[in-house]
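S.K.: Predicted model, plus sequence, below.
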2 protein chains.
Amino acid sequence: MHVLILGAAGMVGRKLVERLAREPHVLGGDIARLTLADAFAPVLPAVFADIGKALTLDLATPGSAQALIAGRPDLIIHLAAIVSGEAEADFEKGYAVNLDGSRALFEAIRQEGLREPYTPRVLFASSIAVFGAPFPETIGGEFFSTPLTSYGTQKAIAELLLADYTRRGIFDGVGIRLPTICVRPGTPNKAASGFFSNILREPLSGKEAVLPVSETVRHWFASPRSAVNFFLHAATMDTSLIGPRRNLTMPGLSALVGEEIEALRRVAGERAVSLIRREPDAVIERIVAGWPTNFDASRAEQLGFSAENTFDEIIRVHIDDELGGSIR
Amino acid sequence: MHVLILGAAGMVGRKLVERLAREPHVLGGDIARLTLADAFAPVLPAVFADIGKALTLDLATPGSAQALIAGRPDLIIHLAAIVSGEAEADFEKGYAVNLDGSRALFEAIRQEGLREPYTPRVLFASSIAVFGAPFPETIGGEFFSTPLTSYGTQKAIAELLLADYTRRGIFDGVGIRLPTICVRPGTPNKAASGFFSNILREPLSGKEAVLPVSETVRHWFASPRSAVNFFLHAATMDTSLIGPRRNLTMPGLSALVGEEIEALRRVAGERAVSLIRREPDAVIERIVAGWPTNFDASRAEQLGFSAENTFDEIIRVHIDDELGGSIR
């Protein structure tokens, strides 16, 4: 099998590549070729040195999608995107990458298929940003997409294209709407959502973290390990079970910030919790108030996707995968 | 006011232009300039000879959107589209006009606004084809768009773009999701939906018509006059009342084919009804089974949009507007 991963240098992309390196048969067969691509140089694990390539390229550059598809990958995992904040700040760049880049990829597949029959599986990383407030308490499987950001708009459009190209038999697509990933590894960043991870990751390493919202804020989470599992499952599942509605809200955990903190207390003790500093920030409070809090993901669950059921599990995944299995 | 109508030679476009010619102040002020554009030569009414232009152009041709927007129209009514059947038969043409053409129009407005502030009102003709079966019995205002045609996909994408460009302040957009228009004037065509109009229009003129489905088929209708009224209302309403969800399912009448026939009997008598010939067609029956049958259009109603409440009214509109007010 030839596997192409776009956006392989991003957080989920790196985790996915590391997982393939650790479990080369997790896709159900040998990986004969692996192509990693990203606007920032992706890292090719040593185990793939003979069969792999790491390419630095911009999907929005004319010809780059065709060049990638010329190798006729069997499985294409499309994680490449300009993130929410940047797509909002730079209108043209967001549309160029998130809409035109995705469409160029889909079109390159169609063109290759016109040349010689070709129907790869395409997994697309979408987002709960396709939904826009006001929301019902639980967002059902048939709730409409009325995004309130350009990023969400671009993801919703790519979802529509993916479904139509799949219906047409051009490729076999699955759209994976990711929850907010928690605990994000790395250092605190300026994303408005950063605190959800910061208040766990930093105290688990003995460092202070700032909580800018109240403990009654509710949100929708899954671990990085679950995110990787979503793509691995979508890569190997029987897609004929999905039907024409090819974009799936992934399972996640709906939890309060207060529940995050209680889980931290159970797993890491009072000292960790005491490292959380409350600094209410009205701007972040207002942004977060516009985000969804809970989903009915039963369609994806019935199709075999799963995520964590408690924040204790989410924290243990972080300790296992990032901290070598124990704290301090 | 400078008014631009794209798709002015289509059925709704022609009716709209005729209405403006009859009631030049229906938009609440003088029309200082009128530009009609279509891929097929539009007809400029004599009353607009001094202030109007009729242009034959293809929105998908590079530069044509910019040329139209260079005139800085205050109101843009975008009805131009490749219809459903053709967009399904010709993948590239459908995407080129319905997606790229609409986007080129929206982008031309953005570019003109970057040059010098400019925020026209943009009314976009969308379609209930943005919805795909299976449906609930009544499609609510928050039901998702999972189109089962490329046409529906292209309309759903243009809706998303319209909402994002409006949210960004680039223009003041309203998406108008039209019901199936009935009674369509003209001659019977090969559209799968043609019979809904044929079985009224032809008998009203003393001619035979074929009914290929059973009388228990339910569908969603409005008259051509209502379609024009939707755009006139959207052109003059206070759009700040809409909020960010800029695409509206228009009001319509949910009715059975049997109810159409009973209305025909009441309005035109038994002899008209006897001209309907039943010729069941399994293919058409199957296509029609995938179409929506009823909507909750209360959002649009609350915003002042309205349509017919009975098929008797729909038939009388046809008699008034197409047959000079009486039959035979």
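M.R.: The structure has been received and is ready for your questions.
S.K.: going forward, measure contacts between C-alpha atoms and count neighbours the same way
M.R.: OK.
S.K.: ok, A:Leu211 - contacts?
M.R.: A:195, A:199, A:276-280 (C-alpha atoms under 8 Å, 6 or more residues apart in numbering or on different chains).
S.K.: wait, I meant A:Pro136
M.R.: With C-alpha under 8 Å, 6+ apart, A:Pro136 has no contacts at all.
S.K.: redo that, cut-off 10 Å
M.R.: A:143, A:292-295 (C-alpha atoms under 10 Å, 6 or more residues apart in numbering or on different chains).
S.K.: hang on, the earlier thing: would you turn the contacts of A:Leu211 into CSV with neighbour count, distance to chain B and secondary structure?
M.R.: Shown next, in CSV, are the contacts of A:Leu211 (neighbours: other C-alpha atoms under 10 Å in any protein chain shown; distance: C-alpha to the nearest C-alpha, whole Å; DSSP: H, G, I helix; E, B strand; the rest coil):
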residue, neighbour count, distance to chain B, secondary structure
A:Phe195, 23, 27, helix
A:Ile199, 26, 33, helix
A:Ile276, 19, 36, strand
A:Arg277, 13, 36, strand
A:Arg278, 13, 33, strand
A:Glu279, 12, 31, coil
A:Pro280, 13, 28, coil
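S.K.: Save those as TSV, and put in pLDDT too.
M.R.: Shown next, in TSV, are these (pLDDT from 0 to 100):
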residue	pLDDT
A:Phe195	96
A:Ile199	97
A:Ile276	98
A:Arg277	97
A:Arg278	97
A:Glu279	97
A:Pro280	96
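S.K.: from the stretch 151-300 of chain A, which residue is nearest to chain B?
M.R.: For the stretch 151-300 of chain A, the residue closest to chain B is A:Ile157, as judged by C-alpha to the nearest C-alpha, at 5.6 Å.
S.K.: I misspoke; the intended subject was the stretch 51-200 of chain A.
M.R.: Scanning the stretch 51-200 of chain A for proximity to chain B using C-alpha to the nearest C-alpha identifies A:Phe144 as nearest, at 3.8 Å.
S.K.: Just flag the most distant two among the contacts of A:Pro136.
M.R.: Across the contacts of A:Pro136, no pair lies farther apart than A:Phe143 and A:Thr293, at 13.8 Å, counting by C-alpha to C-alpha.
S.K.: Looking at the contacts of A:Pro136, which one is closest to B:Val288?
M.R.: Nearest member of those to B:Val288, counting by C-alpha to C-alpha, is A:Phe143, at 24.3 Å.
S.K.: phi, psi of the closest one?
M.R.: phi -70, psi 140 (degrees, to the nearest 10).
S.K.: and it, what does it touch?
M.R.: By C-alpha under 10 Å, 6+ apart, the residues touching A:Phe143 are A:131, A:135-136, A:295, B:140-145.
S.K.: and these as TSV, adding distance to B:Leu20, secondary structure and pLDDT?
M.R.: Conversion of the contacts of A:Phe143 to TSV gives the following (distance: C-alpha to C-alpha, whole Å; DSSP: H, G, I helix; E, B strand; the rest coil; pLDDT from 0 to 100):
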residue	distance to B:Leu20	secondary structure	pLDDT
A:Phe131	39	coil	96
A:Phe135	40	coil	94
A:Pro136	42	coil	95
A:Phe295	48	strand	98
B:Gly140	33	coil	97
B:Gly141	31	coil	96
B:Glu142	34	coil	97
B:Phe143	34	strand	98
B:Phe144	35	coil	98
B:Ser145	33	coil	97
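S.K.: what touches both of A:Phe143 and A:Thr293?
M.R.: Common neighbours of A:Phe143 and A:Thr293 (criterion: C-alpha under 10 Å, 6+ apart): A:135-136.
S.K.: re earlier: okay, and the residue nearest to the residue of the stretch 151-300 of chain A closest to chain B when sequence neighbours are not counted sits in which element?
M.R.: Nearest non-adjacent residue to A:Ile157, counting by C-alpha to C-alpha, 6 or more residues apart in numbering or on different chains: B:Ile157, 5.6 Å away. Element membership for B:Ile157, per DSSP states H and E: helix B:150-167.
S.K.: now the angle between helix B:150-167 and whichever helix or strand comes after that helix, please.
M.R.: Remark: after helix B:150-167, the chain's next helix or strand is strand B:172-178, criterion DSSP H and E. Going by axes from the mean of the first three to the mean of the last three C-alpha atoms, to 10 degrees, strand B:172-178 is angled at 150 degrees with respect to helix B:150-167.
S.K.: and strand B:172-178, what other elements does it pack with?
M.R.: Contacts defined by 3 or more C-alpha pairs under 10 Å, 6 or more residues apart in numbering or on different chains; DSSP states H and E place strand B:172-178 against strand B:75-78, strand B:121-127, helix B:150-167, strand B:218-222, helix B:224-236, strand B:247-249.
S.K.: Downstream of it, the next helix or strand is which one?
M.R.: Downstream of strand B:172-178, the first helix or strand assigned by DSSP H and E is strand B:180-181.
S.K.: Next, the contact list for A:Ala125, please.
M.R.: So A:Ala125 contacts A:7, A:12, A:77-81, A:155, A:158-159, A:174-178, A:227, A:230-231, A:247 (C-alpha under 10 Å, 6+ apart).
S.K.: hang on, the earlier thing: return the member of the contacts of A:Pro136 nearest to B:Glu313.
M.R.: The shortest approach to B:Glu313 among these belongs to A:Phe143, at 33.9 Å (C-alpha to C-alpha).
S.K.: wait, what's in contact with A:Phe230?
M.R.: A:Phe230 sits in contact with A:123, A:125, A:176-178, A:224, A:250-251, A:300, A:304-307, where contact means C-alpha under 10 Å, 6+ apart.
S.K.: which ones are touching the residue of the stretch 51-200 of chain A closest to chain B?
M.R.: A:130-132, A:135, B:141-146.
S.K.: before we move on, what about A:Leu123?
M.R.: The contact partners of A:Leu123, by C-alpha under 10 Å, 6+ apart, come to A:5, A:75-79, A:162, A:172-176, A:230-232, A:234-235, A:247.
S.K.: ditto for A:Ala191
M.R.: Contacts for A:Ala191 (C-alpha under 10 Å, 6+ apart) come out as A:83-85, A:284.
S.K.: Over to it. Which of the three states is it?
M.R.: coil (DSSP: H, G, I helix; E, B strand; the rest coil).
S.K.: could the contacts of A:Pro136 be laid out in TSV, adding distance to A:Gly324?
M.R.: Below are the contacts of A:Pro136 laid out as TSV (distance: C-alpha to C-alpha, whole Å):
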residue	distance to A:Gly324
A:Phe143	40
A:Pro292	33
A:Thr293	31
A:Asn294	31
A:Phe295	32
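S.K.: between these, which is nearest B:Gly186?
M.R.: Distances from B:Gly186 to the contacts of A:Pro136, taken by C-alpha to C-alpha, are shortest for A:Phe143, at 38.6 Å.
S.K.: Where do the strands of the stretch 1-150 of chain A begin and end?
M.R.: Ranges of strands within the stretch 1-150 of chain A are A:2-6, A:33-38, A:52-56, A:75-78, A:121-127, based on DSSP state E, counting those that start in this stretch.
S.K.: what stretches of the stretch 201-328 of chain A score poorly on pLDDT?
M.R.: The model of the stretch 201-328 of chain A has pLDDT under 70 over residues A:328.
S.K.: tell me which parts of it are close to chain B?
M.R.: A:244-247 (C-alpha under 10 Å from any C-alpha of the partner chain).
S.K.: and those residues, which are buried?
M.R.: For these, a burial check counting by 16 or more other C-alpha atoms under 10 Å in any protein chain shown picks out A:244-247.
S.K.: can you pull the contacts of the residue nearest to A:Ala65 when sequence neighbours are not counted?
M.R.: By the measure of C-alpha to C-alpha, 6+ apart, the closest residue to A:Ala65 outside its immediate chain neighbours is A:Leu105, 5.0 Å from it. Contact analysis of A:Leu105 by C-alpha under 10 Å, 6+ apart lists A:59-60, A:63-69, A:76, A:78, A:111, A:122.
S.K.: and which of the residues you listed is nearest A:Asp50?
M.R.: Nearest to A:Asp50 among the contacts of A:Leu105, with distances taken as C-alpha to C-alpha, is A:Leu68, at 18.2 Å.
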